[in-house]
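Undergrad: build me a structure from this.
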Amino acid sequence: MSTYTARDRASAVEHIHGRVAGTLELDYDNAWQDAFELEQLGRQYGVDVQYRAVEHISVASPEALVRGLCMEKPTFRQRYLYCRFDMAALSEDTLRNLEALAIEHGDYLMPGHLFTEATLTWV
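TA: Predicted coordinates for the structure are as follows:
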């Protein structure tokens, strides 16, 4: 089944009224406020509406982490970045800079051993 990501309430409502099969994901600033109402509306029209506040991202290497953090953040969701590499191998300055970038985005760097399931992978 297909997934459509709504970046605002108006596009979410339009998608629901279109009775498009698949999943509608809410991903905008105040989606948490609309989630309950839009989930009910979606049920009336046979559309699965989902809201996730967090993304769990598996990060394969320090280079992938740098690339991911330097890109414009494409979501309003908070991201838990599970570093599946040896973070201790990074210099203190490098780690501090990467943590500062993550904080700017409202994200968290997490050790890889806490990783359970990813919604995305940065390679």
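Undergrad: so for the chain, the centremost residue is which one?
TA: Centroid-nearest residue in the chain, with Cα atoms, centre = their mean: E55, separated by 3.6 Å.
Undergrad: okay, now the sheet partners of the one helix or strand that residue maps to, with direction.
TA: Per DSSP states H and E: E55 is located in strand 54-59. Sheet pairing for strand 54-59, assigned by DSSP bridges, gives strand 78-83 (parallel), strand 120-122 (parallel).
Undergrad: I'd like the next helix or strand past the first one.
TA: Which is strand 78-83. Next along from strand 78-83, by DSSP H and E: helix 92-104.
Undergrad: related to what we said a few turns ago, what comes up buried for the strand holding E55?
TA: E55, H56, I57, S58, V59 (16 or more other Cβ atoms under 10 Å). Any C-beta I mention is one placed from the backbone N, CA and C, and that applies to glycine too.
Undergrad: what's the closest of these to D48?
TA: Using Cβ to Cβ, E55 is the member of the buried residues of strand 54-59 that sits closest to D48, with 18.5 Å.
Undergrad: and the closest one, how far is that from L81?
TA: Separation of E55 from L81 (Cβ to Cβ, to the nearest Å): 9 Å.
Undergrad: kindly report the same for Q33.
TA: Q33 is 26 Å from L81, by Cβ to Cβ.
Undergrad: appreciated, that's everything.
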